[in-house]
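K.L.:
when you get a sec, could you give me coordinates for this:
(chains A and B)
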2 protein chains.
Amino acid sequence: MAGTLFTVGLGPGDPELMTLKAARIVGSAPVIAFFAKRGRNGHARSIVEGRTRADAEELRLEYPFTTEVALEDPRYAADIGTFYEACAAQVAARLDAGQDVALLCEGDPFFYGSSMYLFDRLHGAYRSEVVPGVSGMSGCWTQARTPITHGDDVLTVLPGTLDEDTLAARLSGCDAAVIMKVGRNLPKIHAALTRAGLAQRAIYVERGTMPGERILKLADWDGAAAPYFSIVLVPGRQRAR
Amino acid sequence: MAGTLFTVGLGPGDPELMTLKAARIVGSAPVIAFFAKRGRNGHARSIVEGRTRADAEELRLEYPFTTEVALEDPRYAADIGTFYEACAAQVAARLDAGQDVALLCEGDPFFYGSSMYLFDRLHGAYRSEVVPGVSGMSGCWTQARTPITHGDDVLTVLPGTLDEDTLAARLSGCDAAVIMKVGRNLPKIHAALTRAGLAQRAIYVERGTMPGERILKLADWDGAAAPYFSIVLVPGRQRAR
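P.N.:
Coordinates of the predicted model:
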């Protein structure tokens, strides 16, 4: 009988913020699959360090890019599609052999997670289960000690990869906002927040819940490059009650 | 020395979706505080059943309302403020006596959580720590097996308590949307989604991750009353990759 694909959300980075269910599955799966960038250890893999079976196979799925390629670049769509097909075949081979596979995912799998592209390809043919996780943004607003939404606040979540005009338009009139995928987009995000009148309220969080965490008002940002694990928060209206 | 206030997110309902950190704190705190509606057991309390210390004090914080009172009703703001003041005083008494208090919270505390109103009142005077949780919406889109956002989708989270015109305007042109606090607002939400052209894509989830869970296309909704624990999801563009 074929194995089951478990797509496992691991939370924002602190290993203690994984769920009991994630810990149980990670601790019993014979195959641990995870994405990693070339030359990197793989962040999801580092979260489960010391929690996997000693005899578990580690299936490393290495992205074909060494640097960020723009989402709108046609090469990206073609290459990444080929990559996900190859990954799905590797995972399917283990499932066909009757092994359960735990596919690791930072944060929450169905919220901007790469693991969705394998789930989409495999869940029709194999038993599959998805385990939700604490999102990166929840980890960040918690560490910033900043409630993000109260009462009837509307929250808008924006990828920082959008162009500046789109960001500024979407941010205008926002109650609360979260900007994901910050990295090299931070100067553009800062400009869009300034145009929307929100730069003074914004908070920048780098490596939230992880070693090296840094939290500051965006207004105090010194213009230094932001790492991949960074996020910008605009808290809601904070009405007293 | 005064105790520490732990505001503990418990996730969407399935006890196995609490984090390792939440389980550790709930299992060791001498005081377990939780909100409950009059005549109800308290949902947060039910999630931690069997996981607290046998000698833990249970501090039940009972809402002064038996039915939903509209957010815009001035009586609501006055009465709820008095209620939260009284709750904060009860929690503070335990902290002053040197006891740690675990304040339970469904979902993620800083995301529309009532526990924020106690955190706001107490965190300046006492050591406090907040534990993020898997949000109710993550639990729901996972159970619906529906990735909510891909690539550069924008996600808008809307409380169903907003008026129909505001809902329809905010939903227009959305990539992905989540509508929280559904309950008796469902007919209005359905009308707003129809005006925004999104009703056909919408999914209705009742008691996600909990016993009695029900998931259906909103188009198949029969007009029956929705319970408090219900949510509407509009998945993003689901671009193939």
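
K.L.:
Provide the backbone phi and psi angles at A:Ala33.
P.N.:
Per-residue torsions, A:Ala33: phi -110, psi 140 (degrees, to the nearest 10).

K.L.:
OK, contacts around it?
P.N.:
With contact set as CB atoms under 8 Å, 6 or more residues apart in numbering or on different chains, A:Ala33 has these partners: A:59, A:61, A:87, A:90-91, A:94, A:101-104. Placement of C-beta: from N, CA and C, glycine included.

K.L.:
now do it against chain B, distance only.
P.N.:
Using CB to the nearest CB, to the nearest Å, one obtains 18 Å as the distance from A:Ala33 to chain B.

K.L.:
name the SS class of the closest residue to A:Glu106 other than its chain neighbours, please.
P.N.:
Spatial nearest neighbour of A:Glu106, excluding adjacent residues (CB to CB, 6 or more residues apart in numbering or on different chains): A:Ala44 at 5.1 Å. Taken by DSSP: H, G, I helix; E, B strand; the rest coil, the conformation at A:Ala44 corresponds to helix.

K.L.:
in strands only, show me the contacts of A:Ala33.
P.N.:
A:59, A:61, A:101-104 (DSSP state E).

K.L.:
hey, which helix or strand in chain A has the poorest pLDDT?
P.N.:
Here the helix or strand of chain A ranked lowest by mean pLDDT, DSSP states H and E is helix A:74-96, holding a mean of 89.

K.L.:
domain ranges for chain A?
P.N.:
Domains of chain A are assigned by automatic domain parsing as A:5-134, A:137-234.

K.L.:
before we move on, back to that, surely the residue nearest to A:Glu106 and A:Leu103 touch.
P.N.:
No. Taking CB atoms under 8 Å as the definition, A:Ala44 is not a contact partner of A:Leu103, at 9.0 Å.

K.L.:
what's the overlap in contacts for these two?
P.N.:
With CB under 8 Å, 6+ apart as the test, A:Ala44 and A:Leu103 both reach A:Phe34.

K.L.:
quick one, which of the two is more surrounded?
P.N.:
Between A:Ala44 and A:Leu103, counting by other CB atoms under 10 Å in any protein chain shown, A:Leu103 is the more crowded of the two (28 against 24).

K.L.:
contact partners for A:Pro159?
P.N.:
Counted by CB under 8 Å, 6+ apart, A:Pro159 has contacts A:112, A:179-181, B:151-154.

K.L.:
now for these, which pair is the farthest apart?
P.N.:
The largest separation in those, counting by CB to CB, is between A:Ile179 and B:Gly151 at 15.1 Å.

K.L.:
more neighbours: those two, which one.
P.N.:
The neighbour comparison of A:Ile179 against B:Gly151 (other CB under 10 Å) goes to A:Ile179, with 29 against 17.

K.L.:
and for the more buried one, nearest residue in space, chain neighbours not counted?
P.N.:
Take A:Ile179 and drop its neighbours on the chain: the residue closest to it by CB to CB, 6+ apart is A:Val232, 4.1 Å away.

K.L.:
wait, is the one you found part of a strand?
P.N.:
Yes. Assessed with three-state DSSP, A:Val232 lies in a strand.

K.L.:
beta partners of it?
P.N.:
A:Ile179, A:Tyr204 (DSSP bridges).

K.L.:
relative to chain B, how far out is it?
P.N.:
In terms of CB to the nearest CB, A:Val232 sits 14 Å off from chain B.

K.L.:
circling back to that earlier point, how near is the residue nearest to A:Glu106 to chain B?
P.N.:
16 Å.

K.L.:
how about A:Thr82?
P.N.:
10 Å.

K.L.:
residues in contact with the residue lying closest to that residue once chain neighbours are set aside?
P.N.:
Once flanking residues are discounted, A:Thr82 sits nearest to A:Pro64: 8.0 Å by CB to CB, 6+ apart. Contact analysis of A:Pro64 by CB under 8 Å, 6+ apart lists A:38, A:79-80, A:82-83.

K.L.:
as TSV, the domains of chain A with distance to B:Arg121 would be great.
P.N.:
Shown next, in TSV, are the domains of chain A (distance: least, CB to CB, whole Å):
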stretch	distance to B:Arg121
domain A:5-134	25
domain A:137-234	12
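
K.L.:
which one of those lies closest to B:Val26?
P.N.:
domain A:5-134 (11.3 Å).

K.L.:
element containing the nearest residue to A:Pro12 once chain neighbours are set aside, please.
P.N.:
Distance criterion CB to CB, 6+ apart; nearest residue to A:Pro12, sequence neighbours excluded, is A:Gly139 at 2.7 Å. Using DSSP states H and E, A:Gly139 falls within helix A:136-143.

K.L.:
quick check: angle from the following helix or strand past that helix to strand A:230-234?
P.N.:
Next helix or strand after helix A:136-143 toward the C-terminus (DSSP H and E): strand A:155-159. Counting by axes from the mean of the first three to the mean of the last three CA atoms, to 10 degrees, strand A:155-159 points 150 degrees away from the direction of strand A:230-234.

K.L.:
give me the sheet partners of strand A:155-159 and which way each runs.
P.N.:
strand A:176-180 (parallel), strand B:155-159 (antiparallel).
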